[in-house]
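> For reference, the sequence and a predicted model appear below.
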Amino acid sequence: MSNILLIGFTNLFQMPYLKNFSNLIEQQNITYDIVYWNRFGIDENNNLKTNNTFIFNHSLDDDSNGLLKIKGFLLFRNKLIKVINNANYSKIIVLTTLPSFLIYNLLIKNFNNRFIFDIRDYSYENFGVFKYFLNNIIKSSSFTTISSKGFKSFLPESDKYVLSTNLKINNSLDNKFFLNKLLNFNSNKVTIIYIGAISYLEMNLKFLKLFGNNNNFNLIYVGHGPAKEKIKEYCHMNKYSNVSFHGRFMPSEKLKYYKKAEIIFNLYGNDSTLTKYAISNKLYDSVNNYMPILVCKNTYMEKESINGNFGYVVDLENINTPDNLYNWFLNLDKKKFINNCDTYLQKTVNENIIFERNVINFLRKP
C-alpha cells in the first residue's frame, strides 16, 4: 500500500513541476502512486519510483471542442475516483486546478487538510460557482502552491499560498557552456528560440511579420501545439528562410535546443488573466542559461525580468523593433547581465527552499 497519490492532468513530459514533489517524496523514502492522463497516446520513460502508475489513456487535443473536453474530463474523473477508492491513501497531491474540481467532494470530505493543491495557470476563476469551489479547496488544503505571485491578483485571499518554481539548476559543464556562449558571441546572426507548446497564433504572426527574413536573426520553433501548423504555413507562404521547426521534445532534450540560441521567446500578449499574471518556466530557463528573454508589456513576466535586468520588452507594433533588439543585444554589458541572472537565480533558490520545507512537513505529518 502507498501512502500518497500524485494526480496529474496531462502527460509526464508536460508536467516538469511533478518532480518538485516526487523528488522530495522519494528522498523521504515514502511510498507513492501516480495517476495521470496520457492525452497524446505516447509511451513515456517513467523514472519515477512509484509503487503503482495508473495511466488514463484517452486522446484529447488542446483545440478539441467543448463536448469532447467534457467527455474526457468525466472519464478521467471516473478513473480518479476508482483509483482513490481502491486504496487507502493518507495524503493526495493534486497537480493543476481542474482535477481538484473533478474530485471536489472527495478532497473536502475525506482529505481535509491532507492534500496539497498545486495551481499552475488560470482557468475559470472568474465564474461564480468555480470561484466558490476554488475558495473551499484552498481552505481545505494543507497548503496551496502557486507558480506565480501574480496569481494572488485573482485568487481568493489566503495565508496558505506557497510559491513553487520549476527551477532545475544546470550542472557545472552546462553552466560553463552557456557562460562562454554569451561572453564569446561573435556571430552575425542572433538566434531566437520558441520552445514548448506552440500556441498564441496572433502574437507569433505579428512577431514573424517583423523578424521573418531579417538578416540579423534566425528563429527556431521547438515543440508542438495548436498553432504550429498555421505558423509553418504562414512562413512557407511568405518564404521566410530564417525560420526552422522541430517537433516534440523530451525534457532531457531542452538544453540541447537552448544551446543553439541566444534569446528566449516569451511573447504571449497581455489580453488575458493568464498571460498577465503567469510566470513562464522560460523565466527560469533565461537566468539559468544566461539568455535574455523577450516579454510583453504590462505582464508579471515584464515585472520580474525587467526588475531583474535580464529581460527585453518587445513592441510588435514598431517596425524598428528588430533593429532595436539587435543593437541592444550586441551592446549588452555581459558581465553585468550574468551577475543579474545569478542574483535572480539565488532569489529563486531561496524561495524553493521554503517550498521544500513545506512539502517535507506535509509528508512527515501524521
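Done, it's in.
> Val94 in helix, strand or coil?
Put simply, Val94 is strand when judged by DSSP: H, G, I helix; E, B strand; the rest coil.
> Quick check: it vs Asn3, distance?
16 Å (C-beta to C-beta, to the nearest Å). C-beta: built from backbone N, CA, C; applies to glycine.
> So which of those two has more stuff around it?
Val94 (27 against 17; other C-beta atoms under 10 Å).
> Kindly list the main-chain dihedrals of Tyr32?
phi -150, psi 160 (degrees, to the nearest 10).
> And for the residue most central in space within the chain, nearest residue in space, chain neighbours not counted?
Centroid-nearest residue in the chain, with C-alpha atoms, centre = their mean: Asn281, separated by 4.6 Å. Excluding the flanking residues, the one nearest Asn281 by C-beta to C-beta, 6 or more residues apart in numbering is Asn166, at 4.7 Å.
> For the one you found, grab the count of nearby residues.
With other C-beta under 10 Å as criterion, Asn166 counts 20.
> what do you get for Tyr257?
15.
> now it: how far from Ile81?
From Tyr257 to Ile81 the distance is 39 Å (C-beta to C-beta).
> Kindly report the same for Tyr277.
In terms of C-beta to C-beta, Tyr277 sits 32 Å off from Ile81.
> Looking at those two now, which is surrounded by more residues?
Taking other C-beta under 10 Å, Tyr277 and Ile81 do not tie; Tyr277 has more neighbours (23 against 14).
> list the buried ones in stretch 319-337?
Under the neighbour-count criterion of 16 or more other C-beta atoms under 10 Å, stretch 319-337 has 321-322, 325-326, 329, 332, 337 buried.
> again with stretch 175-191
With burial defined by 16+ other C-beta under 10 Å, the residues of stretch 175-191 counted as buried are 177-179, 181-182, 190.
> First-to-last residue distance for that stretch?
Distance across stretch 175-191, first residue to last, is 19 Å (C-alpha to C-alpha, to the nearest Å).
> oh, and call the first residue 59 from now on, that's how I've got it
Got it, the first residue is 59 from now on, which makes the last one we talked about stretch 233-249.
> And the contacts of that stretch?
Contacts to stretch 233-249, defined as C-beta atoms under 8 Å, 6 or more residues apart in numbering, come from residues 228, 273-278, 300, 316-321, 346-349, 383-384, 387, 392-393, 395-396.
> Assign Glu291 to helix, strand or coil.
Strictly by three-state DSSP, Glu291 counts as helix.
> To clarify, my last question referred to Asn228.
coil.
> tell me the helices in this protein, going along the chain?
In the chain, the segments counted as helices under DSSP state H are 76-85, 124-143, 155-160, 162-168, 186-198, 230-241, 259-269, 286-295, 312-316, 331-335, 339-346, 358-365, 379-388, 392-422.
> Distance to Thr68 added to the ones you listed, as a markdown table?
Formatted as a markdown table, the helices of the chain follow (distance: least, C-beta to C-beta, whole Å):
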| stretch | distance to Thr68 |
| --- | --- |
| helix 76-85 | 10 |
| helix 124-143 | 10 |
| helix 155-160 | 10 |
| helix 162-168 | 19 |
| helix 186-198 | 19 |
| helix 230-241 | 27 |
| helix 259-269 | 21 |
| helix 286-295 | 17 |
| helix 312-316 | 17 |
| helix 331-335 | 16 |
| helix 339-346 | 14 |
| helix 358-365 | 22 |
| helix 379-388 | 33 |
| helix 392-422 | 21 |
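> any chance of the ones you listed in TSV, with mean pLDDT too?
Shown next, in TSV, are these (pLDDT from 0 to 100):
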stretch	mean pLDDT
helix 76-85	95
helix 124-143	94
helix 155-160	93
helix 162-168	96
helix 186-198	89
helix 230-241	97
helix 259-269	97
helix 286-295	97
helix 312-316	97
helix 331-335	87
helix 339-346	96
helix 358-365	96
helix 379-388	98
helix 392-422	97
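> which of those helices sits most buried?
Highest mean neighbour count of the helices of the chain: helix 339-346, a mean of 23 (counted as mean count of other C-beta atoms under 10 Å).
> between that helix and helix 392-422, how many degrees?
120 degrees (axes from the mean of the first three to the mean of the last three C-alpha atoms, to 10 degrees).
> packing partners for helix 339-346?
strand 321-323, strand 351-353, helix 358-365, helix 392-422 (3 or more C-beta pairs under 8 Å, 6 or more residues apart in numbering; DSSP states H and E).
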